[in-house]
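Asker: can't give you the sequence, but here's the structure:
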């Protein structure tokens, strides 16, 4: 899965999740893998996807709403939560492929769901 994930990004890509993570896709993948080790379930939904392609068909921008519900392992020290926000992406066309050059996550809401 790691190579498939890394294949979605340009070589100079930046992922910006604010205080949670800011860096390259490989580091983000590692941080997600570490977090998932203490997660028993997650639901991740996207909605209201908008795409704007530049006139030269070499660049694009997209945004979408995201809702994630995370249920951590009972021994992780974390509580179940729901996070809502928006992804804002910049894309570059490379041949027949579109690759993400920059992703910014804008958190709108985080709600503690209790003890699980």
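Answerer: The structure has been received and is ready for your questions. The model shown is predicted, which means the values in this text are computed figures rather than measured ones.
Asker: got the contact list for residue 26?
Answerer: Going by Cβ atoms under 8 Å, 6 or more residues apart in numbering, residue 26 touches residue 6. Every C-beta, even on glycine, is put in place using the N, C-alpha and C of the backbone.
Asker: which SS class is it?
Answerer: helix (DSSP: H, G, I helix; E, B strand; the rest coil).
Asker: from residue 8, how far out is it?
Answerer: Taking Cβ to Cβ, to the nearest Å as the measure, residue 26 and residue 8 are separated by 12 Å.
Asker: can you give me the buried ones in the worst-scoring helix or strand of the chain on mean pLDDT?
Answerer: Ranking every helix and strand in the chain by mean pLDDT, DSSP states H and E puts helix 25-36 at the bottom, with a mean of 92. Residues of helix 25-36 classed as buried: 25, 28, 29, 35 (neighbour count, 16 or more other Cβ atoms under 10 Å).
Asker: cool, and stretch 52-71?
Answerer: Buried residues in stretch 52-71 (16+ other Cβ under 10 Å): 60, 62, 64, 66, 69, 70, 71.
Asker: stretch 11-30 now?
Answerer: Neighbour counts using 16+ other Cβ under 10 Å place 13, 14, 15, 17, 21, 24, 25, 28, 29 of stretch 11-30 among the buried residues.
Asker: where does the third one land in three-state SS?
Answerer: When the structure is reduced to helix, strand and coil (three-state DSSP), residue 15 reads as strand.
Asker: which residues does residue 85 contact?
Answerer: 65, 66, 105, 106, 107, 108, 109.
Asker: could you give the bridge partners of it?
Answerer: residue 66, residue 107 (DSSP bridges).
Asker: OK, contacts around residue 60?
Answerer: 51, 52, 53, 54, 90, 91, 93, 98.
Asker: could you export the buried residues of stretch 52-71 as JSON lines, including distance to residue 82?
Answerer: Output for these, formatted as JSON lines (distance: Cβ to Cβ, whole Å):
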{"residue": "60", "distance to residue 82": "29"}
{"residue": "62", "distance to residue 82": "23"}
{"residue": "64", "distance to residue 82": "17"}
{"residue": "66", "distance to residue 82": "11"}
{"residue": "69", "distance to residue 82": "5"}
{"residue": "70", "distance to residue 82": "8"}
{"residue": "71", "distance to residue 82": "10"}
